[in-house]
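*Asks:* prediction below, plus the sequence it came from.
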Amino acid sequence: MNRHLFISVAAFAFIVIATIIFILFGKGYRFGFDKGKLELSGTGLLVAKSIPDGAQVFLNGNLTTATNSTLNLSPKQYRVRIFKEGYFPWEKTIKIQKEVVSKAEAFLFPTAPKLESITDLGASVLVVDPSLTKIAFSVSSEAPKRNGIYVLDMTSRPILTLQSASTQIADDSVALFSQANLSWSPDGKEIIATISAQTGDVTYLLNSSGFNSLPTNITALLDTVASNFKQEKEQTEAARLSSLPSVLRSFIPSNLEVISWSPDETKVLYKASASATMPIVINPRIIGSNSTPEERRLEEGGFYVYDLKEDRNYKLDGSNFQKHHIWFPDSRHFIFIKNKKLSVMEYDGGNQTVFYAGPFIDSFAFPWPDSSRIVILTDLGNSDITPRLYTISLR
């Protein structure tokens, strides 16, 4: 009887100990020898990912593993470098904490991106819609029937080539749409085309999804249409602000000018309109959040990004936003033009990289919705030809 009791107790004790060890192991604790003694020490986890995957991961200069993988590390700061042949390296200092999962997520940009023509038409004006998925452009250098306004739908999946992704929505038979100034409606369903004439400007409202054989002249109704569009934008912005915590709803209107929201609306790029201190919304602070140092003291005129999910605020180099800039579809990067070069930067200001320095028309650079390429306007350095649309392949 005593023997059976002993076996039962021993089995129960083994299960308890094994369970405790399993839980501790899952939390990152490891057994090790320090000064000849067996010790149980806590570790943290580093999840290393990259697009494309299969990149090398260096910790403090030492090749340690490859993406995508998870590492158990002693709590301290590590200089993480992710590198893949043919791509610009990614680097960041990451703080590893006991029992905390930290992430190193790198989108790697190629050092020799491939150019691909997506239209044989000479384009002159490019305007992206509010959803960042469609580009309207005008053509004025072709035959009369080919001149006009086109829409490139970057979400379409053409069977053969990307050249079939553009649709003509107006030609010059009714009016000189090839000479029009273009703007999008707030919902991206319509395009406003304004044509200058000796008798005054004439404005049309065009459906962006197909050819407009009888475009609607809204010149007499322009003020009403503009007022309606303005109201739509204000309602959209009001809805965004109303979803924020009350402390931010009262802080934002008085202290910052919203420039743009990230595609997933979890981050906001803004310019400080007054010197102030960004209030802390989440307290206690989120563990395992972005380890880049934040700056909550705002300087008037400074550029910042606020991360709503992690309640962290980052100061950025304002010179990067003086010309054309746009959010990358992953909501983690900006694409911007500086010194006649295309650069990318993470939303917290890290890993700023010039990834394209070839000839292109300044102020035109729009990312494909799936992050696979960038649309640019270029004459390839030949001023004798009309610029055309090309894509810079990122994968």
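*Replies:* Okay, I see it. Residues are numbered from 1 along each chain as shown.
*Asks:* and the pLDDT at residue 363?
*Replies:* What the model reports for residue 363 is a pLDDT of 83.
*Asks:* who's in contact with the spatially closest residue to it that is not a sequence neighbour?
*Replies:* Nearest residue to residue 363 in three dimensions, chain neighbours excluded: residue 324, at 4.4 Å (Cβ to Cβ, 6 or more residues apart in numbering). (Glycine included, C-beta is placed from N, CA and C.) The contact partners of residue 324, by Cβ atoms under 8 Å, 6 or more residues apart in numbering, come to 336, 337, 362, 363, 364, 365.
*Asks:* what of residue 168?
*Replies:* 146, 148, 149, 150, 211.
*Asks:* just give me the closest of those to residue 15.
*Replies:* Nearest to residue 15 among the contacts of residue 168: residue 150, at 69.6 Å, using Cβ to Cβ.
*Asks:* these two touch, right, the closest one and residue 139?
*Replies:* Yes. Look at residue 150 against residue 139 with Cβ atoms under 8 Å: they come within range, at 6.2 Å.
*Asks:* and these two? Which one has more around it.
*Replies:* Neighbours around residue 150 and residue 139, counted as other Cβ atoms under 10 Å, are more numerous at residue 139. The numbers are 25 against 22.
*Asks:* for the more buried one, which non-adjacent residue is closest in space?
*Replies:* In space, and not counting its chain neighbours, residue 139 is closest to residue 121: 4.7 Å by Cβ to Cβ, 6+ apart.
*Asks:* pLDDT at residue 358, what is it?
*Replies:* With respect to pLDDT, residue 358 has a value of 87.
*Asks:* neighbours around it, how many?
*Replies:* 14.
*Asks:* helices along this structure, start to end?
*Replies:* With DSSP state H as the definition, the chain shows helices at residue ranges 2-26, 222-242, 246-255.
*Asks:* just the angle between the last one and helix 222-242, please?
*Replies:* Think helix 246-255. Interaxial angle, helix 246-255 versus helix 222-242 (axes from the mean of the first three to the mean of the last three Cα atoms, to 10 degrees): 140 degrees.
*Asks:* list the contacts of helix 246-255.
*Replies:* So helix 246-255 is contacted by 241, 242, 244, 258, 272, 273, 274, 276, 278, 279, 281, 298 (Cβ under 8 Å, 6+ apart).
*Asks:* what are the buried residues along the longest strand that the chain contains?
*Replies:* Taking DSSP state E as the criterion, the chain has its longest strand at strand 114-128. With burial defined by 16 or more other Cβ atoms under 10 Å, the residues of strand 114-128 counted as buried are 118, 119, 121, 122, 123, 125, 126, 127, 128.
*Asks:* surely the second one meets residue 388?
*Replies:* So that's residue 119. Yes. Residue 119 lies in contact with residue 388 (Cβ under 8 Å); the separation is 5.7 Å.
*Asks:* perfect, that will be all.
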